[in-house]
Structures are given as structure tokens and as C-alpha cells.
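Engineer: Have a look at this prediction, sequence included:
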Amino acid sequence: MQRVTVTLDEELLGEVDALIQERGYQNRSEAIRDLTRSGLQQVREEAAPQAPCMGALVYVYDHAARELSKRLTRHSHANHDLTLSTLHVHLNAESCMEVALLKGQSDQLKQFAAEVTSSRSVRHGRLVLIPEE
């Protein structure tokens, strides 16, 4: 490993230290390594929208919303080439969570996720992309 010196203003350093406390990092180096990896991954995704990747789309929705379950199922079937597997969990009497494991080009997975998470009565949604190695 190489040792480097980085100059940060007090406000930014305060945010890094808050992150260290929040996530339980042992030191600043670990936090800065993780932030650097994350930032580099984001830059690679933006530079290569057609790059092959894996993804996990997690979303929570109101299962009683009119026709929503059917619409989400139709959407998944229409994009069957992207979906590897789906996990469905009943959270409570009103809400369900689904985790869709995806594989395809980065831009296709982002589009798929945007269509799902923007559906009416989908309450929360997040896509995590991992570049294929």
C-alpha cells in the first residue's frame, strides 16, 4: 500500500469523521478507501453506460394498490432477459418488499429500475450496480 497525504477543509473532514462514527470504521484510511472505490465506480458507470454489470433492485410497495402487483409482474416478464431471480417478502398487512437480481448493460438496468420505482404505490426503491469483472 502507498501512503498519500490529502488536504481537506474542516467541513468536509467533519463529514468524513461523522461517517466513520456512523459506520464504525476503525480509521480515516478505511473510510477514504471505501469512498474512493465508490466514487471511481460511479465514474466508470457514467463513462460506460453499456458496460455489463450485475444489479440488485430493492423496492417496497403497497400490495393492495390496484393492479400494481400485476403491472410489476408484467414488467418483469417483459424484461425477462434482465431478471435472474426475484425474492418476494410480506413485510406487514399492507407492504411487500421485492429484491430483483439483474444482469445486463448498466443503462438497461437503470432504465428497468426507474420504471419500477416510479410506478404509483412503489414507496421505496434502490438499485445497486456491480460491474462484471
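Structural biologist: Cool, the structure landed. Numbers count the residues shown, from 1 in each chain.
Engineer: buried sites along the helix or strand of the chain with the lowest mean pLDDT?
Structural biologist: Sorting the helices and strands of the chain by mean pLDDT, DSSP states H and E puts helix 28-47 at the bottom, at a mean of 84. By neighbour count on 16 or more other C-beta atoms under 10 Å, the buried set for helix 28-47 is 31-32, 45. In this view, the C-beta of every residue, glycine as well, is placed from N, C-alpha and C.
Engineer: what stretches of this protein score poorly on pLDDT?
Structural biologist: Within the chain, the set of residues satisfying pLDDT under 70 comprises 47.
Engineer: And the strands in it?
Structural biologist: Using DSSP state E, the strands of the chain run over residues 52-62, 83-90, 95-105, 122-131.
Engineer: Just name whatever secondary elements the shortest one is in contact with.
Structural biologist: This means strand 83-90. strand 95-105 (3 or more C-beta pairs under 8 Å, 6 or more residues apart in numbering; DSSP states H and E).
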